[in-house]
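Engineer: no sequence on this one, just coordinates:
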C-alpha cells in the first residue's frame with residue numbers, strides 16, 4: 001500500500017545532493033543487510049547526476065557492497081549509445097565507472113544502435129525486468145513466496161527528478177505514457193523535451209517500489225512541486241502520481257519549495 005509523501009527541504013542544491021547521497025548510501029547498506037543485495041532505479045538530470053557524483057565522492061561509499069547492487073533506469077533517451085544525452089553515460093561518468101559494480105547487474109535500456117524503434121527497446125527492457133523478477137522468485141526460499149513471479153523485480157529505491165512541466169521519468173502531461181495502466185515500460189514519441197524519442201517505466205511500475213524519492217532543485221520547479229503535493233491528478237501533473245509502497249520522499253531545495261503546502265514541510269539540512 002502507498003503512503004502519503006514526506007517533504008524534506010534543504011538550503012540549496014549542493015546541500016541537497018550531498019544529503020540524498022548520504023541517505024542513499026545508508027539505505028543501500030540497510031537493504032543489503034536484510035536481503036544480501038539491493039536494487040536502485042536511477043534518474044538523470046542535474047540533481048540525479050549530481051547526487052551520483054556526491055555518492056562517488058563520499059567517504060562512506062565503500063560501506064556499500066557495490067558488486068551486489070542492481071542498477072536500473074527510470075527512463076532513457078532513444079539515441080545512440082554514445083550520445084551525451086544518454087542518462088546511462090552520464091551515470092557512468094558520475095558514479096558507475098568509479099565503483100566496483102558487477103556489469104551483469106547494470107541494466108542499461110536499449111539504444112537506437114540496438115533497436116529500430118523506442119517501442120522495441122521498451123519491450124526488450126520490460127523483458128529484462130521480467131527475467132530479473134523470475135530469477136529473484138526462483139531464489140526466494142521463504143514460506144510466503146508468491147506462486148508466480150511478478151513482472152518486476154523488487155525495487156528498493158526509485159529516484160525521480162521532476163521537470164518544470166511536472167513530468168517524471170519520460171511520462172509527460174496528457175500524453176499516452178502517463179495514462180498507461182498495464183505495461184511496465186513504454187516507448188515515448190514526441191517528447192516535449194528533446195530528444196523526442198525515449199523509453200520510460202510507467203507509473204504502475206514505479207509504484208511497485210518500496211521507496212520513491214522525488215529529488216528536485218530550482219525555482220523553475222516550484223510550481224510543479226506545489227501542484228503535485230496539493231493533490232493534482234497525475235494525467236495533468238505526472239509528479240503527483242509516484243508513491244512508494246512503504247515511503248514516498250520529496251527531497252528538495254528551498255527554491256523548489258516555495259509553493260509546498262506548509263503542513264507537509266519538514267526542513268532538513270541533514271541526510272536524516
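Structural biologist: Received the coordinates, thanks. Fair warning: this is a prediction, and the values are worked out from it, not measured in the lab.

Engineer: what's the residue closest to the geometric middle of the protein?
Structural biologist: Nearest residue to the geometric centre of the chain (C-alpha atoms, centre = their mean): residue 159, 2.9 Å.

Engineer: Would it be right to say that that one lies in a strand?
Structural biologist: Yes. According to DSSP: H, G, I helix; E, B strand; the rest coil, the state of residue 159 is that of a strand.

Engineer: can you give me the helices in the stretch 151-272 of the chain?
Structural biologist: The residue ranges that make up the helices of the stretch 151-272 of the chain, judged by DSSP state H, counting those that start in this stretch, are 176-179, 203-206, 222-229.

Engineer: and the longest one, what does it pack onto?
Structural biologist: Meaning helix 222-229. Using 3 or more C-beta pairs under 8 Å, 6 or more residues apart in numbering; DSSP states H and E as the contact test, the elements touching helix 222-229 are strand 211-216, strand 247-253. Heads up, the C-betas are built off the backbone N, CA and C, glycines and all.

Engineer: one step back: what score does the residue nearest to the residue nearest to the centre of the chain when sequence neighbours are not counted have for pLDDT?
Structural biologist: Spatial nearest neighbour of residue 159, chain neighbours left out: residue 43 (4.5 Å); criterion: C-beta to C-beta, 6 or more residues apart in numbering. Confidence at residue 43, expressed as pLDDT, is 98.

Engineer: can you list the helices and strands packed on helix 222-229 in CSV and add mean pLDDT and distance to residue 135?
Structural biologist: Shown next, in CSV, are the helices and strands packed on helix 222-229 (pLDDT from 0 to 100; distance: least, C-beta to C-beta, whole Å):
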stretch, mean pLDDT, distance to residue 135
strand 211-216, 98, 22
strand 247-253, 97, 26
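
Engineer: Can I get the ones you listed in TSV including distance to residue 50 and mean neighbour count?
Structural biologist: Output for these, formatted as TSV (distance: least, C-beta to C-beta, whole Å; neighbours: other C-beta atoms under 10 Å):
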stretch	distance to residue 50	mean neighbour count
strand 211-216	9	25
strand 247-253	11	23
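
Engineer: Could you dump those into JSON lines with distance to residue 192 added?
Structural biologist: Conversion of the helices and strands packed on helix 222-229 to JSON lines gives the following (distance: least, C-beta to C-beta, whole Å):
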{"stretch": "strand 211-216", "distance to residue 192": "18"}
{"stretch": "strand 247-253", "distance to residue 192": "22"}
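
Engineer: what about the stretch 151-272 of the chain, any weak spots by pLDDT?
Structural biologist: Residue ranges of the stretch 151-272 of the chain with pLDDT under 70: 263-272.

Engineer: separation between residue 138 and residue 151?
Structural biologist: With the distance defined as C-beta to C-beta, to the nearest Å, residue 138 ends up 15 Å from residue 151.

Engineer: Who has more neighbours out of the two?
Structural biologist: Here residue 138 and residue 151 are set side by side on neighbour count (other C-beta atoms under 10 Å), and the busier one is residue 151, at 17 against 10.

Engineer: Thought residue 127 was touching the more buried one, still the case?
Structural biologist: No. With contact defined as C-beta atoms under 8 Å, residue 151 does not reach residue 127; the gap is 10.2 Å.

Engineer: Next, show the common contact partners of these two.
Structural biologist: In terms of C-beta atoms under 8 Å, 6 or more residues apart in numbering, residue 151 and residue 127 are not both contacted by any residue.

Engineer: Can you list the buried residues in stretch 179-199?
Structural biologist: Of the residues in stretch 179-199, those buried by neighbour count under the rule 16 or more other C-beta atoms under 10 Å are 180, 183-188, 191, 197-199.

Engineer: what do you get for stretch 151-163?
Structural biologist: By neighbour count with 16+ other C-beta under 10 Å, stretch 151-163 contains the buried residues 151-163.

Engineer: Show me which of these is closest to residue 206.
Structural biologist: Set against residue 206, the nearest of the buried residues of stretch 151-163 by C-beta to C-beta is residue 158 (5.6 Å).

Engineer: Many thanks, I have nothing further to ask.
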